[in-house]
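1. Next one to model:
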Amino acid sequence: MTQTPTQPQARAQIRIPAAHPMVMLLGSGDSLLRVIEEAFPAADIHVRGNEISATGGAADVALIQRLFDEMMLVLRTGAPMTEDAVERSIAMLRAAGTGEGDPQGETPAEVLTQNILSNRGRTIRPKTLNQKRYVDAIDDHTIVFGIGPAGTGKTYLAMAKAVQALQAKQVSRIILTRPAVEAGERLGFLPGTLFDKIDPYLRPLYDALHDMLDPDSIPRLMAAGTIEVAPLAYMRGRAQPVFTNVLTPDGWRPIGSLEVGDLVIGSNGEPTPVLGVYPQGEKDIYRVSAQDGSWTLCCGEHLWTVRTASDRGRDKPWRVLETKEMIGNLRAAHARRYELPMLTAPVSFPEREVPMDPYALGLLLGDGCLTGSTAPSFATADRELAEALRGALTGVTLRHEAGPDHVLNRTKAPGDVMTPENPVTAILRQLDLLGSRSHAKFVPDAYLHNSAEVRLGVLQGLLDADGGPVTQSDRTCRIQYSTASIVLRDDVIALVRSLGGVACTRRRPAAGRVPGPAKGRPVRHRHDAHIVDIRLPEGIEPFRLARKAEKYRAAGGGGRPMRFIDSIEPAGREEAVCIQVAAEDSLYVTQDYLLTHNTLNDAFIILDEAQNTSAEQMKMFLTRLGFDSKIVITGDVTQVDLPSGTRSGLRQVQDILEGLDDVHFSRLTSQDVVRHKLVGRIVDAYEKYDSRNGQQDGQAEGREDGRRDRRKGK
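-> Residues are numbered from 1 along each chain as shown. This next block holds a predicted model:
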């Protein structure tokens, strides 16, 4: 018969400094002391005055002495000791003694005194070692998964860290979301308003917010977009109609035709790859228009980077708002409220060979005769322009006829027998411009989607011919351009916008206008004139003609073009898609050179109840991550409510992302349950039941497979 070896006996005297009231250490009515005695039944613990003696096994006595030391460290910080805290401290010390504790050597005092947030006399802090590891992981990683049973504080601690980050100005907004899977994310059949429909699924998040913030401030923060609480289905729908144009290095393409890996143009004018494409189905669409006439289509949840005059005056960062958040709030007094970002540099299209010098083409589009019935000609009273055109073209001579008229004749070579085609006529034919009259001229695509130098050269030629600076007191100089061609008007606007400027247009009807003089006789206007008012960014010279360039610089030159949201109007329902791009600010160029994005920057994002996301939803959510943002995903993989046959995205993501840099999985257990003690025991009971039934189910499946194989063999 083997005997159990007895523990060596030991005795310890623990002296408590007089500064520590014994009632704080032992609890009201010695409640804390009773917890310790129940945890160490083989030890004798006696208290006399400020001295505590412990007699028993050496290991127990050492743990008791260490426990009281830890309790005093906690009390010195002003944190209270509770029966629950004492039990958890004992569990941590025992785990450390068996080698199962924290490898970093963190003590119970360090765990129990880590304050996250204080509000209305209440302090939020981790209560277990795993909770502390979870909180530390949120500080150290960009994406953290908190996986564990109900009652372990996964969501509550993540919310506390989010509020802490917002108050410390580490992020500019908090986004809280969870799948409303109980309603299949189809909330239309439920009674009441939209808020009434989604409120039951989001109530736990609201309750946690009210614990951590002044309740009076929460509606204000939500109205400002600083805190967003929404079902996952509403968060994902940041989309544009599939036919909406997006700018790529090869020109405009419908957003619905883009695929992962395709390149689009970012706010710095450079190509940036598409990281994700997510069809959104049919959605309510809005038309967002700016004051310069530019517009695009998007859904109500689509994101816009904007700032107000107050933001600009106080040097605050740009904010990100949803389309629907701005509806009805577009004016501040008589001014437009929301400014949109502009391109920070001209769009960088690939350089392409062109058959004619860009500046020369601009001059000919402005003041050239391209009908093809005679040799091409150019009309100007500026000798400087005539000389510039002569120097830019090869194979022709510029012959002055009379007044402003100059003819572009082919240069004859000695010994010519046949008369070859005029080189300028041949190029105009190649560009499909031959035969164009004033109201039908346009900029060929080879010049519109070319390098910034080529585009600027064409614009300079057009402005030197038909444009000019307009001076205004106390303002930078704007430019005015006039043409009879609607297509050329739009091409000039596209050139300006592609260089980072803004252009507004208005029409002067031909009817009723005073006839213009031509060779001493009045000539009535046959076509409307289209006036384009232009502002270009500083550093871009719009003129080469000396007199215009000097006037432009003397008036202050270019400044900072500005674009504001003017209106947001319903535009029906359309099939929509959203994309994610790799640009640092997540912006991409959409229709009319507007900058927009779908990604969540500078935000603390929490996805709660993540076990009820599908694999596709989980991928969509993770790829919403923007720069300077943090994501915390919480869930319990034992409580999946998805339809039969749908795999939980939280289960799958562990196989996909485990071990990925800057992604951390924190796993909590029944030992970390901070609700009623019975909850932990219930969790353990269910785990045992599921494990036992899982083995039985596996055995049953094995027997069924065997029978099926035998039947096939027959």
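
2. What separation do you get for residue 159 and residue 653?
-> Distance, residue 159 to residue 653, by C-beta to C-beta, to the nearest Å: 21 Å. Any C-beta I mention is one placed from the backbone N, CA and C, and that applies to glycine too.

3. Of the two, which one has the most company?
-> Taking neighbours as other C-beta atoms under 10 Å, residue 159 and residue 653 compare with residue 159 leading, 29 against 23.

4. which residues in the stretch 151-300 of the chain form helices?
-> With helices called from DSSP state H, counting those that start in this stretch, the stretch 151-300 of the chain shows them at 154-167, 194-212, 217-223, 232-235.

5. and the longest one, what's its mean pLDDT?
-> Think helix 194-212. What helix 194-212 shows for mean pLDDT is 70.

6. Stretch 667-680 too?
-> 74.

7. Under the pLDDT cut-off, which ranges of the stretch 601-714 of the chain? List them.
-> Within the stretch 601-714 of the chain, the segments meeting pLDDT under 70 span 601, 624, 626-627, 675-681, 683-684, 687, 690-714.

8. Need the pLDDT of residue 117.
-> At residue 117, the model reports a pLDDT of 75.

9. what does residue 328 give?
-> 89.

10. In three-state terms, label it for me.
-> Applying DSSP: H, G, I helix; E, B strand; the rest coil to residue 328 yields a three-state assignment of coil.

11. same thing with residue 106?
-> Assignment for residue 106 (three-state DSSP): coil.

12. quick one: it from residue 61, how far?
-> 23 Å.

13. Which one of the two is surrounded by more residues?
-> Neighbours were counted for residue 106 and for residue 61 using other C-beta under 10 Å; residue 61 has more, 24 against 17.

14. got the contact list for the more buried one?
-> Applying C-beta atoms under 8 Å, 6 or more residues apart in numbering, we find residue 61 in contact with 10-12, 43, 54-55.

15. distance between the helix or strand it falls within and the chain's centre?
-> Counting by DSSP states H and E, the element that carries residue 61 is helix 58-76. Taking C-alpha atoms, centre = their mean, to the nearest Å, the mean C-alpha location of helix 58-76 is offset from the chain mean by 49 Å.

16. how distant is the helix or strand following it from the center of its chain?
-> Sequence-wise, the next helix or strand downstream of helix 58-76 (DSSP H and E) is helix 83-97. Taking the mean of its C-alpha atoms, helix 83-97 sits 43 Å from the chain's own mean (C-alpha atoms, centre = their mean).

17. do the same with stretch 281-293
-> The answer for stretch 281-293 is 19 Å, by C-alpha atoms, centre = their mean.

18. and if you look at stretch 544-552?
-> Between the centre of stretch 544-552 and the centre of its chain there are 42 Å (C-alpha atoms, centre = their mean).

19. Next: stretch 479-491.
-> 36 Å.

20. Buried residues in it, which are they?
-> Residues of stretch 479-491 classed as buried by neighbour count (16 or more other C-beta atoms under 10 Å): 479, 481, 483-486, 488-491.

21. Among those, name the ones in helices.
-> Among those, DSSP state H puts 486, 488-491 in helices.

22. want to throw the residues you listed into CSV with pLDDT and distance to residue 442?
-> Shown next, in CSV, are these (pLDDT from 0 to 100; distance: C-beta to C-beta, whole Å):
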residue, pLDDT, distance to residue 442
486, 95, 9
488, 96, 5
489, 96, 10
490, 96, 8
491, 96, 6
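
23. one step back: looking at the contacts of residue 61, which is nearest residue 147?
-> Closest approach between those and residue 147, by C-beta to C-beta: residue 43, at 37.1 Å.

24. Can you list phi and psi of the closest one for me?
-> phi -110, psi 150 (degrees, to the nearest 10).

25. bridging residues for the nearest residue to it once chain neighbours are set aside?
-> Spatial nearest neighbour of residue 43, chain neighbours left out: residue 56 (3.1 Å); criterion: C-beta to C-beta, 6 or more residues apart in numbering. With DSSP bridges as the criterion, residue 56 is bridged to residue 10.

26. What count of nearby residues applies to residue 441?
-> There are 21 residues near residue 441, going by other C-beta under 10 Å.

27. quick check: mean pLDDT across stretch 428-448?
-> Stretch 428-448 carries an average pLDDT of 94.

28. cool, and stretch 364-376?
-> Stretch 364-376 shows an average pLDDT of 91 in the prediction.

29. Identify all contacting residues around that stretch.
-> With contacts defined as C-beta under 8 Å, 6+ apart, stretch 364-376 is touched by 377-380, 385, 389, 407-410, 422, 424-425, 428-429, 433-437, 441, 443, 458, 461-462, 464-466, 488.

30. next one: stretch 615-622
-> Residues from elsewhere that reach stretch 615-622 (C-beta under 8 Å, 6+ apart): 143, 177, 179, 232, 235-236, 276, 278, 607, 610, 613, 631, 633, 647-650, 652-653.

31. re earlier: please tabulate the helices of the stretch 151-300 of the chain in TSV, including the columns distance to residue 555.
-> Converted to TSV, these look like this (distance: least, C-beta to C-beta, whole Å):
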stretch	distance to residue 555
helix 154-167	45
helix 194-212	52
helix 217-223	43
helix 232-235	48
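
32. Out of those helices, which gets nearest to residue 584?
-> Nearest to residue 584 among those is helix 154-167; the distance by C-beta to C-beta comes to 20.2 Å.

33. got the CA positions of the closest one in CSV?
-> Extracted in CSV, the C-alpha atoms of helix 154-167 (Å, rounded to 0.1, in the frame of the first residue of the first chain):
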residue,chain,number,x,y,z
LYS,A,154,-14.8,40.2,-24.5
THR,A,155,-17.1,43.0,-25.9
TYR,A,156,-17.1,45.1,-22.7
LEU,A,157,-13.3,45.4,-22.5
ALA,A,158,-13.1,46.1,-26.2
MET,A,159,-15.6,48.9,-25.9
ALA,A,160,-13.6,50.3,-23.0
LYS,A,161,-10.5,50.3,-25.1
ALA,A,162,-12.4,52.0,-27.9
VAL,A,163,-13.6,54.8,-25.7
GLN,A,164,-10.2,55.1,-24.2
ALA,A,165,-8.6,55.5,-27.7
LEU,A,166,-11.3,58.1,-28.6
GLN,A,167,-10.7,60.1,-25.5
